[in-house]
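# let me see the structure of the following:
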Amino acid sequence: MLPKQKKIHLNKYGRMRLNYLKEHKKAEYTIMFMENTLIDHLEEIQETATKRLNLIIDDLKAKSNLAEDMKNTHMFYWVGTMNAIKQQAEEIILDELIYV
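Have a look, this model is predicted:
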(Lines give C-alpha, C1' and ligand atoms only; values in the text may rest on other atoms or scores of the structure.)
Protein backbone atom coordinates (compact mmCIF):
# COMPACT_ATOMS: atom_id res chain seq x y z
CA MET A 1 0.00 0.00 0.00
CA LEU A 2 1.32 3.42 -0.94
CA PRO A 3 1.70 6.14 1.68
CA LYS A 4 -0.52 9.19 1.47
CA GLN A 5 0.95 12.01 -0.55
CA LYS A 6 0.59 15.64 0.38
CA LYS A 7 -1.65 17.78 -1.78
CA ILE A 8 -0.37 20.87 -3.55
CA HIS A 9 -1.84 23.21 -6.10
CA LEU A 10 0.08 22.78 -9.35
CA ASN A 11 0.54 25.84 -11.50
CA LYS A 12 1.06 25.82 -15.25
CA TYR A 13 4.67 24.61 -15.06
CA GLY A 14 3.96 21.90 -12.50
CA ARG A 15 1.16 20.48 -14.65
CA MET A 16 3.32 20.65 -17.79
CA ARG A 17 6.14 18.77 -16.05
CA LEU A 18 3.73 16.16 -14.71
CA ASN A 19 2.24 15.56 -18.17
CA TYR A 20 5.71 15.36 -19.71
CA LEU A 21 6.81 12.78 -17.14
CA LYS A 22 3.65 10.71 -17.65
CA GLU A 23 3.92 10.71 -21.44
CA HIS A 24 7.65 10.66 -22.14
CA LYS A 25 9.48 9.55 -18.99
CA LYS A 26 7.23 6.80 -17.68
CA ALA A 27 9.97 5.02 -15.73
CA GLU A 28 11.04 8.21 -13.92
CA TYR A 29 7.41 9.06 -13.20
CA THR A 30 6.72 5.60 -11.76
CA ILE A 31 9.87 5.61 -9.62
CA MET A 32 9.12 9.07 -8.21
CA PHE A 33 5.51 8.10 -7.58
CA MET A 34 6.45 4.89 -5.77
CA GLU A 35 9.17 6.59 -3.71
CA ASN A 36 6.74 9.38 -2.82
CA THR A 37 9.00 12.10 -4.28
CA LEU A 38 6.84 13.14 -7.23
CA ILE A 39 4.98 15.92 -5.43
CA ASP A 40 8.22 17.35 -4.04
CA HIS A 41 9.76 17.26 -7.52
CA LEU A 42 6.79 19.04 -9.10
CA GLU A 43 6.74 21.63 -6.33
CA GLU A 44 10.45 22.33 -6.81
CA ILE A 45 10.08 22.58 -10.60
CA GLN A 46 7.21 25.05 -10.40
CA GLU A 47 8.96 27.25 -7.83
CA THR A 48 12.19 27.24 -9.81
CA ALA A 49 10.35 27.93 -13.08
CA THR A 50 8.46 30.87 -11.60
CA LYS A 51 11.60 32.44 -10.11
CA ARG A 52 13.62 31.85 -13.27
CA LEU A 53 10.84 33.27 -15.45
CA ASN A 54 10.79 36.50 -13.46
CA LEU A 55 14.58 36.81 -13.66
CA ILE A 56 14.62 36.22 -17.40
CA ILE A 57 11.79 38.71 -17.99
CA ASP A 58 13.60 41.37 -15.95
CA ASP A 59 16.84 40.71 -17.83
CA LEU A 60 15.16 40.87 -21.24
CA LYS A 61 13.31 44.05 -20.28
CA ALA A 62 16.58 45.69 -19.31
CA LYS A 63 18.20 44.66 -22.59
CA SER A 64 15.31 46.00 -24.64
CA ASN A 65 15.34 49.43 -22.95
CA LEU A 66 11.64 49.10 -22.19
CA ALA A 67 10.56 51.73 -19.64
CA GLU A 68 7.46 51.72 -17.46
CA ASP A 69 6.50 55.24 -18.58
CA MET A 70 6.09 53.85 -22.11
CA LYS A 71 2.84 52.26 -20.93
CA ASN A 72 1.21 55.67 -21.14
CA THR A 73 2.96 57.09 -24.19
CA HIS A 74 3.46 54.06 -26.49
CA MET A 75 0.99 51.55 -25.10
CA PHE A 76 0.78 49.17 -28.08
CA TYR A 77 4.55 49.06 -28.49
CA TRP A 78 4.97 48.36 -24.78
CA VAL A 79 2.36 45.56 -24.77
CA GLY A 80 3.77 43.96 -27.92
CA THR A 81 7.31 44.05 -26.58
CA MET A 82 6.26 42.63 -23.20
CA ASN A 83 4.37 39.79 -24.90
CA ALA A 84 7.43 38.95 -26.99
CA ILE A 85 9.65 39.04 -23.90
CA LYS A 86 7.29 36.76 -21.97
CA GLN A 87 7.16 34.28 -24.87
CA GLN A 88 10.97 34.20 -25.09
CA ALA A 89 11.26 33.65 -21.34
CA GLU A 90 8.70 30.84 -21.37
CA GLU A 91 10.51 29.07 -24.22
CA ILE A 92 13.72 29.19 -22.19
CA ILE A 93 11.91 27.78 -19.13
CA LEU A 94 10.40 24.96 -21.16
CA ASP A 95 13.79 24.00 -22.60
CA GLU A 96 15.68 24.27 -19.30
CA LEU A 97 13.24 22.82 -16.78
CA ILE A 98 10.09 21.24 -18.14
CA TYR A 99 11.08 19.14 -21.16
CA VAL A 100 14.30 17.63 -19.76
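# just say helix, strand or coil for residue 82.
What DSSP: H, G, I helix; E, B strand; the rest coil gives for residue 82 is helix.
# what separates it from residue 96, distance-wise?
Distance of residue 82 to residue 96, given as Cβ to Cβ, to the nearest Å: 21 Å. (C-beta placed from N, C-alpha, C; glycine too.)
# give me the more crowded residue out of those two.
residue 82 (17 against 13; other Cβ atoms under 10 Å).
# just checking, that one touches residue 64?
No. At 9.3 Å, residue 82 does not count as touching residue 64 under the criterion of Cβ atoms under 8 Å.
# packing partners for the helix or strand of the chain with the lowest mean pLDDT?
Lowest mean confidence among the helices and strands of the chain (mean pLDDT, DSSP states H and E): helix 70-73, at a mean of 88. Packed against helix 70-73 by the contact rule (3 or more Cβ pairs under 8 Å, 6 or more residues apart in numbering; DSSP states H and E) you find helix 75-93.
# so what's the gap between the helix it packs on and the chain middle?
In terms of Cα atoms, centre = their mean, to the nearest Å, the centre of helix 75-93 is found 15 Å from the chain centre.
# with stretch 14-32 instead?
For stretch 14-32, the distance to the chain centre is 15 Å (Cα atoms, centre = their mean).
# which residues are contacting that stretch?
8, 10, 38, 41, 42, 43, 45, 46, 94, 97, 98, 99 (Cβ atoms under 8 Å, 6 or more residues apart in numbering).
# how long is it from one end to the other?
Separation of the first and last residues of stretch 14-32 by Cα to Cα, to the nearest Å is 14 Å.
# could I get the buried residue list for it?
Applying a neighbour-count criterion of 16 or more other Cβ atoms under 10 Å, one finds 14, 16, 17, 18, 20, 21, 29, 32 buried in stretch 14-32.
# need the residues you listed in JSON lines with distance to residue 77 and secondary structure, can you?
Formatted as JSON lines, these follow (distance: Cβ to Cβ, whole Å; DSSP: H, G, I helix; E, B strand; the rest coil):
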{"residue": "14", "distance to residue 77": "33", "secondary structure": "helix"}
{"residue": "16", "distance to residue 77": "30", "secondary structure": "helix"}
{"residue": "17", "distance to residue 77": "34", "secondary structure": "helix"}
{"residue": "18", "distance to residue 77": "37", "secondary structure": "helix"}
{"residue": "20", "distance to residue 77": "35", "secondary structure": "helix"}
{"residue": "21", "distance to residue 77": "40", "secondary structure": "helix"}
{"residue": "29", "distance to residue 77": "44", "secondary structure": "helix"}
{"residue": "32", "distance to residue 77": "45", "secondary structure": "helix"}
